[in-house]
Each structure stands twice: as C-alpha cells, then as structure tokens.
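*Asks:* Return a 3D structure for these sequence lines:
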Amino acid sequence: MGRVGQVVTWAGAGLLTAIILITGVITGVVSAITGSGNEICLAAVTDPDAVPAGLTAGQSRNALVIATVGQRLKIPAYGWVIAVATALQESDLINRTVATDHDSLGLFQQRPSQGWGTPEQIMNPDYAAGKFYEVLLRVDGWQAMTVTQAAQAVQRSAYPDAYARHEARARSIVEAFVGGRLPACDPVTISAAGWTRPVPGGVISGFRTAARPDHQGIDLEANRGMIIRAASGGVVVTAVCNVAGRFYPVGQTPSPCDADGYPGLGGCGWYLEIRHRGNVVSRSCHLLRAPAVSVGQTVSAGQPVGSVGSSGNSSGPHLHFEIHDGYPAARGNAIEPIGFLATRGVSL
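*Replies:* Reported below is the predicted structural model:
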C-alpha cells in the first residue's frame with residue numbers, strides 16, 4: 001500500500017468491525033465512481049453554447065446541465081445519454097415546478113415522498129441530475145444495459161419501455177455538446193473463473209519484496225480518479241478510513257482520508273474489502289474518496305467500487321491491492337496476488 005507502504009494496524013481489527021456493524025454505512029459520494037477504468041470512456045463538454053436540433057433555448061440549458069454534471073462527476077458518456085433520454089421522457093427537458101403525477105417534480109420527475117430530496121432541491125436541475133447519476137451508478141452492470149433498462153432501473157416507471165424512443169435523440173443532443181461522436185468504452189474482460197483486473201495498470205511494486213518485506217500486497221499503476229473494479233463477485237465486508245492507526249467510518253465529516261496522505265502517515269486511507277467465494281478476501285487501498293459501495297452489498301466481477309487516490313500511507317496516486325486466503329483478512333493470510341490471479345485467468 002502506498003509506494004512506501006504500511007499495512008493496516010491489525011490490532012484495530014476488532015474496533016474496525018465494531019465501527020462497521022454500528023454504522024451500517026452506505027456511501028453518499030456520487031463522484032467516488034469515475035469512469036470506466038480508463039479515460040477513453042469519458043467525454044468533455046466542448047461546445048456549451050450549442051443548441052441541439054429541435055430544442056428550445058430552455059431545453060438546451062437543461063440538457064447542458066445534465067451533461068456538465070456528468071462531466072463533473074466523471075460519469076461515462078453513455079450515462080449522459082441515459083440521463084438525457086430519461087429527462088426527455090419524464091419532462092421533455094423542461095424543469096417542471098408544478099407536480100402533475102403525485103408529487104413528481106423537476107427534469108426527472110423525482111418525488112420528495114420517495115427520498116429524492118426536498119421540492120426545492122429537486123427543482124434545481126444541477127441537484128436533480130446529480131441524484132439521477134447517484135442512483136444510476138448503484139445499478140449493477142448499467143453500462144452493459146440498454147438505455148431503457150438502465151433508465152427503468154433508476155426511475156421504476158409504470159411505462160418501462162417508453163425511454164427507448166428517446167435514445168437516438170438523446171445521443172445526438174449529447175454529441176452536440178461534446179463536438180462530435182461519443183467516445184467508445186472498452187468492455188471489461190472477466191475470466192472463465194470469474195475474476196478481472198481491478199485497474200488496467202501494471203505492477204509497480206511487488207509483494208513482500210526484499211526492500212519492502214512488510215508490503216502485504218502489490219501496487220498497481222493508476223491515475224487519480226481512475227475507476228477501481230471488484231476483482232470478482234462477492235460481498236463487501238469493509239468500507240472505512242484508516243490513517244495513523246485509527247479508523248473513521250464512512251459518513252464522518254470531515255474525514256482525514258479526504259486529503260492526500262504521505263509516506264510515514266500509516267494506514268490504508270479509504271479502503272474496502274470484498275469477501276469472495278471460498279473465503280478469499282480482496283483489499284483495495286488509498287481510494288480518492290469513500291468507497292462507492294457499502295458494507296453488506298453484493299457486487300459482481302468488474303463492478304465499479306471506488307476510484308484511485310492517494311489517501312493514507314501513500315506517496316502518490318496508485319492502487320494498493322491485496323489478496324487474503326481466509327476471512328477475516330489478516331497479516332498471516334495475505335498471499336501473493338499476481339500468481340493467485342494468474343491461476344484464475346487474469347494477467348497483471
């Protein structure tokens with residue numbers, strides 16, 4: 001962990017478990033998920049003054065808000081298309097300030113009574129778009145879904161097939177703001193054994209090397225904000241901040257893990273653990289923000305679980321990745337990840 005690494009303080013494991021059980025944490029950090037694993041999936045608004053064909057100036061402004069929020073949160077471009085198509089169906093890209101269906105309001109016809117926010121918040125297009133993306137990013141495998149499937153997973157509409165007819169128009173609207181074709185996204189490759197790479201980068205520091213005998217995992221090259229994926233399916237068992245021998249639950253603000261760490265600070269920073277089949281545990285450390293999944297949540301191989309940062313005992317952005325042959329994860333059951341993954345069809 002860290003390019004100058006230090007393992008989690010194992011003596012604090014009991015405290016950590018207690019914190020997690022008490023808090024029952026869920027993440028509220030949308031921007032913890034940031035892309036597709038490489039920047040080719042992301043788009044940028046290059047023509048904010050565009051007025052896409054068939055839209056009024058007001059509709060264009062609302063579509064631009066959806067796109068710019070997507071860019072700010074580093075949502076893959078396909079997510080922008082889903083959001084715009086949803087808003088076309090729900091409100092015709094008009095910020096509805098008078099409820100017409102129960103208490104539905106705003107661009108996405110979100111309902112205060114269902115926990116989307118206050119009426120004032122929902123009628124703020126920036127807020128509404130952010131909430132839509134927040135829920136979308138919690139949909140397992142949304143990038144592989146059709147627009148209709150993904151939109152329906154978020155909206156739970158009584159007319160689940162209605163979104164499909166807006167896909168082509170939504171794509172052309174987004175393309176107008178990005179100045180051309182949307183970027184393509186490389187698919188995630190899952191091995192026959194059900195494992196994948198947590199990030200695309202290569203190994204930059206090995207497991208228990210002569211120079212670092214206490215390095216209980218490997219360091220993988222990755223840029224700040226790059227998505228971290230679940231290496232295999234399983235259940236999230238840990239999501240917490242760990243610095244200087246102390247643990248801080250998700251939801252505590254301010255959190256010492258929200259700032260970059262440094263060598264000698266100690267700890268994994270923001271990190272998560274996933275318990276896989278056979279009581280194998282994977283650990284990902286030094287996340288940019290709180291993990292994008294919560295304790296008790298079931299995840300699938302390749303699912304986004306967080307983003308690369310440099311919190312905790314770290315000298316720069318990268319992913320510290322560990323494999324443990326046993327649950328709970330402990331110093332004594334840490335094993336070499338490269339060989340483990342190789343036997344499961346994954347080459348690092």
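*Asks:* can you map out the strands along the stretch 101-250 of the chain?
*Replies:* For the stretch 101-250 of the chain, applying DSSP state E, counting those that start in this stretch gives strands covering 203-205, 218-220, 227-229, 234-243, 246-249.
*Asks:* Between the ones you listed, which has the poorest mean confidence score?
*Replies:* Per-stretch mean pLDDT for the strands of the stretch 101-250 of the chain is lowest at strand 227-229 (a mean of 85).
*Asks:* Partner strands of that strand and their direction?
*Replies:* Strand 227-229 has its sheet partners listed here by DSSP bridges as strand 304-307 (antiparallel).
*Asks:* who touches the helix or strand following the strand it pairs with?
*Replies:* Per DSSP states H and E, the first helix or strand lying C-terminal to strand 304-307 is strand 319-325. Outside strand 319-325, the residues that touch it by Cβ atoms under 8 Å, 6 or more residues apart in numbering are 1-2, 5, 198-199, 201, 216-220, 222, 228, 231, 268, 279-286, 308, 314, 329-330, 333-337, 340-341. For the C-beta atoms, the positions are set from N, CA and C on the backbone; glycine is no exception.
*Asks:* tell me which residues in strand 319-325 are buried?
*Replies:* 319-324 (16 or more other Cβ atoms under 10 Å).
*Asks:* going on from the helix or strand bottoming out on mean pLDDT in the chain, what's the next piece of helix or strand?
*Replies:* The weakest-scoring helix or strand in the chain, judged by mean pLDDT, DSSP states H and E, is helix 13-23 (a mean of 32). The C-terminal neighbour of helix 13-23 among helices and strands, as given by DSSP H and E, is helix 57-72.
*Asks:* which residues touch that next one?
*Replies:* Helix 57-72 has contacts (Cβ under 8 Å, 6+ apart) with 31, 42-45, 48, 50-52, 55, 75, 77, 79-80, 83-84, 87, 92-95, 107, 125-126, 129-130, 133, 173-174, 177-178.
*Asks:* Just the buried ones from those?
*Replies:* Among those, the ones that count as buried by 16+ other Cβ under 10 Å are 31, 42-43, 45, 50, 52, 55, 75, 77, 79-80, 83-84, 87, 93, 95, 107, 125, 129-130, 133, 173-174, 177-178.
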